[in-house]
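Visitor: here is a sequence with its predicted model. Questions after.
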Amino acid sequence: MKFTVLSLFPEILEAYFTSSIMAKAVEKGVVSYANINIRDFAADRHRTCDDAPYGGGAGMVLKPEPLAAALDSVGAGCLRTVCPTPSGRLFTQAYARELSAEREVVLICGRYEGIDQRVLDLYVNDEVSVGDYVLSSGEIAAMLVIDAVYRLLDGVITKESLEEESFCGGLLEYPQYTRPEVFRGLRVPDILLSGHHANIRQWRREQSILKTKKNRPELLGAADKI
Ligand code: 6GU
């Protein structure tokens, strides 16, 4: 799968694509990417990419011409194009799964005050928000979206990890322990050392329900149906 990211700070994305598990996915050929600097498509001497909003108000808006030229250069017109923005629809695991079925996705990293609406009208399929708070960097939101998507691709992480994790069964994940058996006086629950797989499975399910009740009670109704 290919991620094409349009940004004013491509170096932020470059660090992400060349580090850790993502770097391995790129090396394996599971993921490819293009980091495009919107500023390279600005036509004036100062390479201006933003301007004051019509109608007044605080902050700056991304100008349409450089952004549209950057989008044209990557063929965004015929690709799934996503704009992370706090005014988008909520990004979910289900939407991440949907995007992971695409061959290529284009992401636009805007700024908080936004991008010219005409670019959204002409190019963008989905506006997505990563949560009910405001980030100053569209790059962080784009990385969040990419991260949730690429790990679902075959060959990035094991199938077992994907199946057990939070949100898959609609419940949050149970607590995990590793060696040592006692840490600062706290013991690993006996049941995990028992080797009794059916009991361990049941304990984990109970713990998942307790954790969901405590941290995300609103998920419990939905989990029953899975
Ligand atoms: Cl997608 N972008 C920004 N800048 N802030 C956000 C967001 C996105 N989602 C929630 N807050």
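Guide: Arrived safely. Residues are numbered from 1 along each chain as shown.
Visitor: what's around the residue nearest to residue 62 when sequence neighbours are not counted, how many residues?
Guide: In space, and not counting its chain neighbours, residue 62 is closest to residue 115: 4.0 Å by C-beta to C-beta, 6 or more residues apart in numbering. Using the backbone N, CA and C atoms, a C-beta is placed for each residue, glycine as well. Residues within reach of residue 115, counting by other C-beta atoms under 10 Å, total 24.
Visitor: thought residue 115 was touching residue 83?
Guide: Yes: counting by C-beta atoms under 8 Å, residue 83 is a contact partner of residue 115 at 7.0 Å.
Visitor: in the chain, which strand is the longest?
Guide: Determined from DSSP state E, the single longest strand within the chain is strand 80-90.
Visitor: who does that strand pair up with?
Guide: Strand 80-90 has the following strand partners under DSSP bridges: strand 104-108 (parallel), strand 126-129 (parallel).
Visitor: between these, which gets nearest to residue 214?
Guide: When the strands paired with strand 80-90 are ranked by proximity to residue 214, the top entry is strand 126-129, at 25.2 Å, counting by C-beta to C-beta.
Visitor: does the ligand sit close to the closest one?
Guide: Yes: interface with the ligand: strand 126-129 contributes residue 129 (C-beta under 6 Å from any ligand atom).
Visitor: so which strand or helix has residue 139?
Guide: Here residue 139 sits within helix 138-150, counting by DSSP states H and E.
Visitor: quick one: contacts for the residue nearest to residue 215 when sequence neighbours are not counted?
Guide: The shortest distance from residue 215 to any non-neighbouring residue, by C-beta to C-beta, 6+ apart, is to residue 172 (6.1 Å). By C-beta atoms under 8 Å, 6 or more residues apart in numbering, the contact list for residue 172 reads 166, 208, 211, 212, 215, 216, 219.
Visitor: what's the answer for residue 125, then?
Guide: Shown in contact with residue 125 (C-beta under 8 Å, 6+ apart): 80, 81, 82.
Visitor: most neighbours out of these, which is it?
Guide: residue 82 leads the contacts of residue 125 on contacts (other C-beta under 10 Å) with 25 neighbours.
Visitor: near the ligand, which residues of this protein?
Guide: 84, 85, 86, 112, 129, 130, 131, 133, 134, 135, 138, 141.
Visitor: please pick the buried ones from those.
Guide: For the residues of the chain next to the ligand, a burial check counting by 16 or more other C-beta atoms under 10 Å picks out 84, 85, 86, 129, 130, 135, 138, 141.
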